[in-house]
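Participant: Have a look at this prediction, sequence included:
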Amino acid sequence: MGERWIGVTGFYTTDNPHPGLAVVRALRAADPSWRILALAWDAWGTGAFARDLIDGVALVPYPAAGPAALLARFRTILARCPLDVVVPTIDAELPHYLAIERELRTMAQSRHPSLGLIGEEYGATASAAVNLIVDPIDGTANFARGIPIFATLLAIQSGDDMLAGVVSAPALATRWRAAKGCGALRNDKPIRVSRIDRLAEAQVFHGGVAGVERNAEIPGFMDLLRASKRQRGFGDFYQHVLVAEGAGEIAIDIGLAPWDIAALVIVLEEAGGRASSLDGRRDIHGRSLVASNGALHEQALAVLAGTSR
């Protein structure tokens, strides 16, 4: 297949440090063979020259320059370095990368037709080799109403395995990340699911009662809530990362797409938890996500399906 290059942004390490180095560490842990190109705004106050992590550096325009300048710069970069994937990590630059996503995808796929990109904004071009799965804003309705529970979700998939995932919630100043076999972190601190193994002591999160009751997709939903000690309706990504860090035991969501699920799966699993669809499959295409601390997973699935006595 040849070597793969991944471009990552966000390398200031001074005041209010950017997440680029943390993302690179997760990528390195997932697959040390990947080559990393740091995409830096300038050469000052930056971690882009961390030679133990970075294979090359390229300058990109500040966000104020706009998407046209960014695209012009990428034409030059791609002529010299055959990037497979670009991972923007800074909120201010994300709209520009979304604006030029189609052009970048066309450039990348002309050089690497096996590369897959699965994303909410433009659909999917799946690959049997490696996929980058992106949800630019999970929790869009929250974002629109000024509720600070929204995040960018990124995952790297190889075959059926999630190799790495990042959940970045800028309004919460929090980032969850994980790499296969390396554990899960909240910012830079390891996280682990709870050890509670009795449903009567569990805290259960959900995305909203009314929607679940309307479509009757989960016959035992209310039974599970009644059987638990405490219930809260956070919804979106947040309830699942709360399970990963041990703040709750079960989270349920339905009507989901692969990009809503992928990054959460590896964070949960690397924190010691379990993630599946309502029918118990480990499948990001299953349209639902049940997250748990593992100890209560089978019991939760049985109650939700209405088969528990």
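Facilitator: That came through, no problem. Residues are numbered from 1 along each chain as shown.
Participant: show me where the stretch 1-150 of the chain has helices.
Facilitator: Along the stretch 1-150 of the chain, counting by DSSP state H, counting those that start in this stretch, helices occupy 20-30, 67-80, 94-99, 101-111, 140-145.
Participant: Show me which positions of the second one end up buried.
Facilitator: What it means is helix 67-80. Neighbour counts over helix 67-80 (16 or more other C-beta atoms under 10 Å) mark 67, 70-71, 73-74, 77-78 as buried. Heads up, the C-betas are built off the backbone N, CA and C, glycines and all.
Participant: Next: stretch 185-201.
Facilitator: 185-186, 191, 193-194, 196, 199.
Participant: if you look at those, which of them are in strands?
Facilitator: Among the buried residues of stretch 185-201, the members falling in strands (DSSP state E) are 185-186.
Participant: who's in contact with the spatially closest residue to Gln203 that is not a sequence neighbour?
Facilitator: Leaving aside its chain neighbours, Gln203 sits nearest to Gly248 (4.1 Å; criterion: C-beta to C-beta, 6 or more residues apart in numbering). Counting by C-beta atoms under 8 Å, 6 or more residues apart in numbering, Gly248 touches 194, 202-205, 232, 239, 242.
Participant: which of those are buried?
Facilitator: By neighbour count, with 16+ other C-beta under 10 Å, the contacts of Gly248 hold 194, 202-205, 239, 242 as buried.
Participant: Save those as TSV, and put in secondary structure and distance to Tyr62 too.
Facilitator: Rendered in TSV, the data for these read as follows (DSSP: H, G, I helix; E, B strand; the rest coil; distance: C-beta to C-beta, whole Å):
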residue	secondary structure	distance to Tyr62
Ser194	coil	43
Ala202	coil	47
Gln203	strand	44
Val204	strand	45
Phe205	strand	39
Gln239	helix	36
Leu242	helix	35
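Participant: From Ala202, how far out is the residue nearest to Gln203?
Facilitator: 8 Å (C-beta to C-beta, to the nearest Å).
Participant: do Leu172 as well
Facilitator: 24 Å.
Participant: ditto for Asp138
Facilitator: Distance of Asp138 to Ala202, computed by C-beta to C-beta: 24 Å.
Participant: so what's the residue nearest to Ile191 when sequence neighbours are not counted up against?
Facilitator: Nearest residue to Ile191, sequence neighbours excluded (C-beta to C-beta, 6+ apart): Glu245, at 4.1 Å. By C-beta under 8 Å, 6+ apart, Glu245 lies in contact with 176, 186, 191-193, 271.
Participant: Contacts made by the helix or strand where Leu225 lies with the rest, please.
Facilitator: Element membership of Leu225, judged by DSSP states H and E, is helix 221-227. Here helix 221-227 makes contact (C-beta under 8 Å, 6+ apart) with 199-200, 204, 206, 209, 212-213, 231, 250, 252, 300, 303-304, 306, 308.
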